[in-house]
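Engineer: with the sequence up front, the predicted model follows.
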Amino acid sequence: MTKQNVVVPEGNPTPLFPLLMPKSGGGGFSVRRKVELVGEGGSISVWVESMKASSPTHASSSDAGQLDEKMSYPSALTMFDEIASSLEGKQIVVFLDYDGTLSPITDDPDRAFMSDSMRDAVRDVARHFATAIVSGRRRDKVYNFVRLAELYYAGSHGMDIKAPAKGPSFMKSNGKAVLFQPARKYLPMIDRVYKALTETTKSIPGAKVENNKFCLSVHFRCVEEKKWSVLADQVKSVLRDFPKLKLTLGRKVLEIRPTIKWDKGKALEFLLEALGFANCNDILPVYIGDDRTDEDAFKVLKNRGQGIGILVSKFPKETNASYSLQEPSEVMDFLQRLVEWKRSSL
Ligand SMILES: O=P(O)(O)OC[C@H]1O[C@H](O[C@H]2O[C@H](CO)[C@@H](O)[C@H](O)[C@H]2O)[C@H](O)[C@@H](O)[C@@H]1O
């Protein structure tokens with residue numbers, strides 16, 4: 001496995017493993033970007049360092065206490081009136097990540113259910129605005145959690161995009177339900193790697209490999225920390241034979257996907273185009289997400305100078321989002337306020 005293939009994905013200059021490290025001397029955070037993850041010799045310790053850093057619970061309580069001062073982006077709830085005034089007269093499209101945004105993070109990824117009240121809030125949002133779920137999960141799995149047929153779904157980090165099968169959105173997509181699957185040719189490879197990773201990691205208690213169809217997740221949330229280096233070594237050994245795959249780090253998960261130039265940001269742009277909004281000046285996308293992969297979408301909004309990115313996080317993080325919400329319950333409050341605002345302006 002070369003450094004190039006694993007660490008710096010083709011067509012994506014963004015370093016993969018941002019390390020959120022306590023500054024020496026204590027106090028605040030500094031965000032260190034780590035480019036060289038898989039070099040020759042000794043690199044597993046870098047993996048493990050990154051895996052530890054991917055867990056905000058490794059931050060000290062004093063760091064957490066300084067949250068308000070350290071976050072340079074304000075709460076989307078506190079600033080709701082300002083946000084609402086920027087939405088005035090615009091066509092709003094809402095993009096929602098799933099895990100950690102609509103559902104609280106749980107130990108078992110198969111039980112990350114969203115609440116009925118969150119589902120009601122998302123349903124209400126979709127009554128007023130075109131709405132899409134953009135997730136790292138496989139599309140059918142995230143659909144089974146959300147269960148709202150009126151939404152767009154972009155699964156596998158945006159590599160599997162489907163329009164609602166009914167209503168005006170379907171007409172806009174020329175009657176095609178599955179709109180885009182740019183990584184289809186990788187399916188046999190992903191299946192092979194899934195089997196290899198499942199077999200290789202089975203001796204590690206708590207490790208779980210999730211097949212997200214066009215990508216894979218190796219979960220280490222339930223793996224004892226002292227076993228993380230063994231797990232990292234196993235993943236590295238499997239990926240050595242697959243230079244067309246790249247690795248990124250999410251929330252206590254190693255994510256493996258094809259080295260194609262596609263991410264949640266590209267999916268957002270694709271969906272805007274599919275909705276017929278590509279060159280509209282009066283369009284305003286609102287994107288809410290909690291993970292590193294959501295940064296690609298925040299960056300697209302920032303570069304377009306159009307749209308509102310909202311990071312869901314209790315901890316200070318480097319982000320391209322403009323606002324923050326602390327947890328899914330605040331996301332629900334925000335979505336409800338968005339609907340109230342829309343109803344009051346009708
Ligand atoms: O883009 P997302 O929808 O945020 O998907 C990213 C990963 O989400 C899931 O894992 C995360 O949530 C799990 C359930 O709360 C949690 O156990 C895990 O530690 C988190 O990383 C999903 O299971 C992964 O496949 C996605 O890659």
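Structural biologist: Everything's here; your move.
Engineer: quick check: phi and psi on Asn320?
Structural biologist: Backbone torsions for Asn320, taken as degrees, to the nearest 10, come to phi -100, psi 0.
Engineer: now the closest residue to it other than its chain neighbours: which helix or strand?
Structural biologist: In this structure, Asn320 finds its nearest non-sequential neighbour in Phe298, 3.8 Å apart by CB to CB, 6 or more residues apart in numbering. Backbone N, C-alpha and C define where each C-beta goes, glycine included. Mapping Phe298 onto the secondary structure by DSSP states H and E places it in helix 295-304.
Engineer: what about that helix, near the ligand?
Structural biologist: No: Helix 295-304 stays out of contact with the ligand when judged by CB under 6 Å from any ligand atom, the minimum separation being 10.2 Å.
Engineer: buried ones in that helix?
Structural biologist: Of the residues in helix 295-304, those buried by neighbour count under the rule 16 or more other CB atoms under 10 Å are Glu295, Asp296, Ala297, Phe298, Lys299, Val300, Leu301, Lys302.
Engineer: for the fourth one, give its distance to Lys52.
Structural biologist: Note on Phe298: its distance to Lys52, by CB to CB, to the nearest Å, is 24 Å.
Engineer: sorry, back to before: now for the helix holding Phe298, which elements pack on it?
Structural biologist: Counting contacts by 3 or more CB pairs under 8 Å, 6 or more residues apart in numbering; DSSP states H and E, the secondary-structure elements packed against helix 295-304 are helix 264-274, strand 283-289, strand 308-312.
Engineer: need these in JSON lines with mean neighbour count, distance to Tyr152 and mean pLDDT, can you?
Structural biologist: Supplementary listing: the helices and strands packed on helix 295-304 in JSON lines, determined by neighbours: other CB atoms under 10 Å; distance: least, CB to CB, whole Å; pLDDT from 0 to 100:
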{"stretch": "helix 264-274", "mean neighbour count": "22", "distance to Tyr152": "6", "mean pLDDT": "95"}
{"stretch": "strand 283-289", "mean neighbour count": "25", "distance to Tyr152": "12", "mean pLDDT": "97"}
{"stretch": "strand 308-312", "mean neighbour count": "25", "distance to Tyr152": "18", "mean pLDDT": "97"}
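Engineer: SS state for the closest residue to Leu216 other than its chain neighbours?
Structural biologist: Beyond its immediate neighbours in the sequence, the residue positioned closest to Leu216 (CB to CB, 6+ apart) is Ile256, lying 4.5 Å away. Assigned by DSSP: H, G, I helix; E, B strand; the rest coil, the conformation of Ile256 is strand.
Engineer: look up which residues are beta-bridged to Ile256.
Structural biologist: Beta-bridge pairing for Ile256 (DSSP bridges): Leu216, Leu247.
Engineer: hmm, back to that, so the residue nearest to Asn320 makes contact with Tyr323?
Structural biologist: No: contact between Phe298 and Tyr323 fails when scored by CB atoms under 8 Å: they sit 10.3 Å apart.
Engineer: spell out which residues are contacts of both of the two.
Structural biologist: Common neighbours of Phe298 and Tyr323 (criterion: CB atoms under 8 Å, 6 or more residues apart in numbering): Gly309, Leu311.
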